[in-house]
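J.: Here is a sequence with its predicted model. Questions after.
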Amino acid sequence: MEATYELLSSQPFLAGLTPAQLDKLSYWTRKSTFHAGTRLFEEGQRADRFWLLREGHVTLDTHVPGQGTQIVETLGPHAVLGWSWLFPPYRWHFSASAVETTLAVELDGPGVRDLCARDHELGYELMRRFVEVVVQRMQATRVRLLDLYRMPS
């Protein structure tokens with residue numbers, strides 16, 4: 001069975017973290033598998049974890065008034081799924097579903113937050129990386145919403 005440390009060390013999102021930092025994160029890590037159609041979380045529910053996708057694809061969607069549920073983005077291998085666990089009030093900003101069987105590395109949000117509060121260097125590195133994820137997600141959402149509301153010429 002593949003150890004959690006090895007799972008973490010193979011993730012591009014965590015590239016450059018020290019072996020000691022990866023070891024600390026490994027205590028809050030486990031493998032996850034989601035089958036096609038599995039709903040991972042719902043917009044507005046409590047956010048308490050995140051995933052580093054290894055294989056498969058997950059869609060992010062949101063409810064758009066007058067338009068129904070709209071897919072904002074599809075994430076694949078090496079993507080980070082979930083950032084809402086990091087920022088109060090710890091509620092999901094989107095919903096997510098597995099498109100196909102998806103293998104992921106799951107990390108416990110409250111445990112990682114506590115670890116970051118105790119290890120400021122690790123906390124800074126993770127925060128910097130997650131802010132990049134948030135910006136990318138918000139840009140993808142903006143583009144998708146502009147497509148939905150584009151006026152016909």
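T.: All right, it came through fine.

J.: give the contact list for the residue nearest to the spatial centre of the chain.
T.: For the chain, the residue lying nearest the average C-alpha position, counting by C-alpha atoms, centre = their mean, turns out to be residue 81 (1.7 Å). Shown in contact with residue 81 (C-beta atoms under 8 Å, 6 or more residues apart in numbering): 40, 50, 51, 52, 53, 58, 60, 75, 96, 104. C-beta here means a position set from N, CA and C on the backbone, and glycine is covered the same way.

J.: Could you report the neighbour count for the residue lying closest to the second one once chain neighbours are set aside?
T.: To tie it back to what came earlier, the one meant is residue 50. Using C-beta to C-beta, 6 or more residues apart in numbering and skipping the chain neighbours, the partner closest in space to residue 50 is residue 82 (3.5 Å). By other C-beta atoms under 10 Å, the residues close to residue 82 number 26.

J.: okay but residue 82 is in contact with residue 52, surely?
T.: No: between residue 82 and residue 52 there is no contact, the gap being 9.6 Å when judged by C-beta atoms under 8 Å.

J.: Could you tell me which residues touch both of these two?
T.: Contact with both residue 82 and residue 52 is made by no residue, according to C-beta under 8 Å, 6+ apart.

J.: And stretch 94-112, how far out from the chain middle?
T.: On the basis of C-alpha atoms, centre = their mean, to the nearest Å, stretch 94-112 sits 6 Å off its chain's mean C-alpha point.
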